[in-house]
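**Q** Build me a model from this:
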Amino acid sequence: MNLPKLFEDRMRKLLGEEYEVFKEGYSKPYYSGLRVNTLKITPEEFEAICPFSINRIPWIANGYYYDSDQQPSKHPFYYAGLYYIQEPSAMTPASLLPVEKGDKVLDICAAPGGKSTELGAKLQGEGILVSNDISNSRAKALLKNIELLGISNALVLSEAPNKLADVFPEYFDKILVDAPCSGEGMFRKSPSIMKNWEQYGVEYYNKLQKEIITFAARMLKPGGMMVYSTCTFSPEEDEGTISYLLEQFPEFHVVNAIPGNAMQQKLGLSYEGFAFGKPEWADGKDELKNCIRLWPHKLNGEGHFIALLRKDGDPYRENPSDTIPGRSAVGKDISGKSAMFKNATGKNTMSRNAAAGKKTLLSEEACSFIKKLDPNRISKGEIVVREPYVYLVPKGLPNLHGLRILRQGLLIGEMKKLRFEPSQALASAMNGKEYGKIISLKRDDPNVIRYLKCESVEFEEQYEDGWYLICVEGYPLGWGKITKNQFKNKYLPGWRWV
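**A** As a prediction, this is how the structure comes out:
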């Protein structure tokens, strides 16, 4: 591989005698990986049903290598959201952020969703995940992955960090900043990145990184934790950015996440091949040693930099987001366009649309369908109607007026005159035991591929009329509707198998 000369010269200066071993790694193939979605299945359960050869990634509890000649994205289990295709080193930042059930979590540069979906799995349907990407096109891909992997408590946004900081001051318990960077650590996997590196260089990205991490720091609660990560080797973008943060916000400190740290041992993670940060590459602050560098010549993965940070203070003090004049929590009519419902499983529920002066009705068909869902799932949010759509919105959100929202919570379905159609997102968020009517197919049943291709499917068995959750080996894929024993394929066309 022909590396840019300027890059080679700089890396030779940084690494010294180690440079030749580092460069030799570029002649070797990169490693392919997948991460098991623990929101749906445990690593042990996945190993028992996995249809292809896999090997554990030693430092990721739910990560696996697979052979590059295999295609895990061409299997029904991928469409069931049981795993996410992800480069092994890229799994590390989200694994290091100690997310707990009920946390309010922000992934500020989230697309395409590899790290967000892991954070969502850690939340296990409780708390709030805010996944944001400033690019609207990338945010749409992020939304698909959030929904495919069954995350029901996410707010998906496409906003600039400064606008988020205005809405969410000291709001989040945990924040992930996987910053845009020059991408030096991915040259082997994606050689095309070298052209981007030559065009923009380090300085362009370092300016963005400092801006983003500054706004992120303002959104973290006292006592909260934040991970900053890049896929580059540049000291300016790595230790340099962390040094800048520590200067601007002295209440932040780099936490030791290298082996021996009790918190990380509790997570059951291994760190063979990890290296300490390099204070001498920045301002010499000793705590920069607590940063982590993943070198591709020391482990089976690409290059990454990670810093785990803690913010001083009392995490239980009053949240400024709850006291700012004009802000109100979900559960109230905060926008004049949304009707909030606290009893979606009872009779038809009605609220007034303050903007239009009209009554908003949760239809009888919608109520009837929602009553069939798991009450524990419904109790975790508020039912919101934005005609004709029905959502389950996480509790505790501030006023979101003015933000570009792609999805607020879980889209339950759409009200259509005298009928209600459940959404693809709802199917992906469920498990096979949450709904009374299911059709579960074996993985090698030809009907599985036909269904995922949105083709017509015929069943020998007779079924009563109604909506059915179509599953593979018990794991939901989507919906189908049977009327007089005629099956209508309701798999979302935009997700079809191609």
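**Q** Where does Ile213 sit, in terms of helix or strand?
**A** Assigned by DSSP states H and E, Ile213 belongs to helix 193-219.
**Q** does Phe46 count as helix, strand or coil?
**A** helix (DSSP: H, G, I helix; E, B strand; the rest coil).
**Q** can I assume it is in contact with Leu82?
**A** Yes. Counting by CB atoms under 8 Å, Leu82 is a contact partner of Phe46 at 6.4 Å. Quick note: C-beta positions are derived from backbone N, CA and C, even for glycine.
**Q** shared neighbours of those two, anything?
**A** Residues touching both Phe46 and Leu82 (CB atoms under 8 Å, 6 or more residues apart in numbering) are Val36.
**Q** Tell me how many other residues surround Thr38.
**A** Neighbours of Thr38 under the rule other CB atoms under 10 Å: 17.
**Q** Show the contacting residues for it.
**A** Taking CB under 8 Å, 6+ apart, one finds 62, 121-122 in contact with Thr38.
**Q** By neighbours, which of those residues wins?
**A** Counting by other CB under 10 Å, top hit in these: Ala121 with 23 neighbours.
**Q** you'd agree it is in a helix?
**A** Yes. Counting by three-state DSSP, Ala121 is part of a helix.
**Q** residues contacting it?
**A** With CB under 8 Å, 6+ apart, Ala121 has these contacts: 37-39, 149, 151.
**Q** just Lys144 next, same as before
**A** Here Lys144 is in contact with 113, 494-495 (CB under 8 Å, 6+ apart).
**Q** any idea which helix or strand carries Ser137?
**A** Going by DSSP H and E, Ser137 is in helix 136-148.
**Q** Now that helix: average pLDDT?
**A** Across helix 136-148, pLDDT averages out at 98.
**Q** buried set for it?
**A** 138-139, 142-148 (16 or more other CB atoms under 10 Å).
**Q** One more: stretch 415-424?
**A** Applying a neighbour-count criterion of 16+ other CB under 10 Å, one finds 415, 420-424 buried in stretch 415-424.
**Q** Quote the end-to-end distance of it.
**A** 14 Å (CA to CA, to the nearest Å).
**Q** Name the nearest residue to Lys28, ignoring sequence neighbours.
**A** Closest residue in space to Lys28, ignoring its immediate chain neighbours: Arg188 at 7.8 Å, by CB to CB, 6 or more residues apart in numbering.
**Q** Which helix or which strand is home to that neighbour?
**A** Taking DSSP H and E as the definition, one finds Arg188 inside no helix or strand.
**Q** ok, now how distant is it from Ala94?
**A** Remark: distance between Arg188 and Ala94 (CB to CB, to the nearest Å) = 22 Å.
**Q** Comparing these two, which shows the higher neighbour count?
**A** A direct count of neighbours by other CB under 10 Å for Arg188 and Ala94 places Ala94 higher, at 26 against 19.
**Q** Show me the buried residues of stretch 415-424 that map onto helices.
**A** By the criterion of DSSP state H, membership of these in helices covers Gln424.
**Q** want to throw the buried residues of stretch 415-424 into JSON lines with pLDDT?
**A** Formatted as JSON lines, the buried residues of stretch 415-424 follow (pLDDT from 0 to 100):
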{"residue": "Met415", "pLDDT": "96"}
{"residue": "Phe420", "pLDDT": "97"}
{"residue": "Glu421", "pLDDT": "97"}
{"residue": "Pro422", "pLDDT": "98"}
{"residue": "Ser423", "pLDDT": "98"}
{"residue": "Gln424", "pLDDT": "98"}
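**Q** More neighbours: Phe46 and Leu82, which one.
**A** Neighbour totals were compared for Phe46 and Leu82, and Leu82 leads with 26 against 20 (other CB under 10 Å).
**Q** sorry, back to before: tell me what the helix holding Ile213 is packed against?
**A** helix 5-15, helix 161-167, strand 172-178, strand 220-230, helix 239-248 (3 or more CB pairs under 8 Å, 6 or more residues apart in numbering; DSSP states H and E).
**Q** now the fourth one against helix 193-219, angle please.
**A** Taking axes from the mean of the first three to the mean of the last three CA atoms, to 10 degrees, strand 220-230 and helix 193-219 form an angle of 170 degrees between their directions.
**Q** Next: the first one.
**A** For the pair helix 5-15 and helix 193-219, the angle between their directions (the same axes, to 10 degrees) equals 60 degrees.
**Q** Tell me how far helix 5-15 lies from the chain's centre.
**A** Its chain's average C-alpha position is 34 Å from that of helix 5-15, according to CA atoms, centre = their mean, to the nearest Å.
**Q** who's in contact with that helix?
**A** By CB under 8 Å, 6+ apart, the list of residues contacting helix 5-15 from outside reads 19, 22-23, 184, 187, 194, 197-198, 233, 235, 281.
**Q** Just the buried subset of those residues, written out for ChimeraX, thanks.
**A** Applying 16+ other CB under 10 Å to the contacts of helix 5-15 leaves a buried subset, and the ChimeraX line that selects it is:
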select :22,23,184,187,194,197,233,235,281
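**Q** Excluding residues flanking it in the chain, which one is nearest Glu191?
**A** Just so we're on the same page, residue 191 is Pro rather than Glu. Closest to Pro191 by CB to CB, 6+ apart is Met1, at 6.5 Å.
**Q** give the contact list for the one you found.
**A** 26-27, 187-188, 191.
**Q** pLDDT value on it, please?
**A** For Met1, the predicted pLDDT is 80.
**Q** And Trp467, by the same measure?
**A** So Trp467 comes in at 96 (pLDDT).
**Q** Can you tell me which residue is spatially central in the chain?
**A** Ser116 (1.6 Å; CA atoms, centre = their mean).
**Q** and that one, what helix or strand is that in?
**A** When elements are assigned from DSSP H and E, Ser116 belongs to helix 114-123.
**Q** Let me see the mean pLDDT of that helix.
**A** The model assigns helix 114-123 a mean pLDDT of 98.
**Q** Quick one: work out the angle between it and strand 172-178.
**A** Using the same axes, to 10 degrees: helix 114-123 against strand 172-178 is 150 degrees.
**Q** how many degrees apart are helix 114-123 and helix 136-148 in direction?
**A** Using the same axes, to 10 degrees: helix 114-123 against helix 136-148 is 30 degrees.
**Q** separation between Glu126 and Ala427?
**A** 21 Å.
**Q** Which of the helices and strands packed on helix 193-219 sits closest to Glu434?
**A** For Glu434, the closest of those is strand 172-178, at 27.5 Å, according to CB to CB.
**Q** Just give the nearest non-adjacent residue to Gly223, would you?
**A** Nearest residue to Gly223 in three dimensions, chain neighbours excluded: Pro315, at 3.1 Å (CB to CB, 6+ apart).
**Q** secondary structure class for that neighbour?
**A** Applying three-state DSSP: Pro315 is coil.
**Q** Please name the residues that touch it.
**A** 173, 221-224.
**Q** Please read off the pLDDT at it from the model.
**A** 73.
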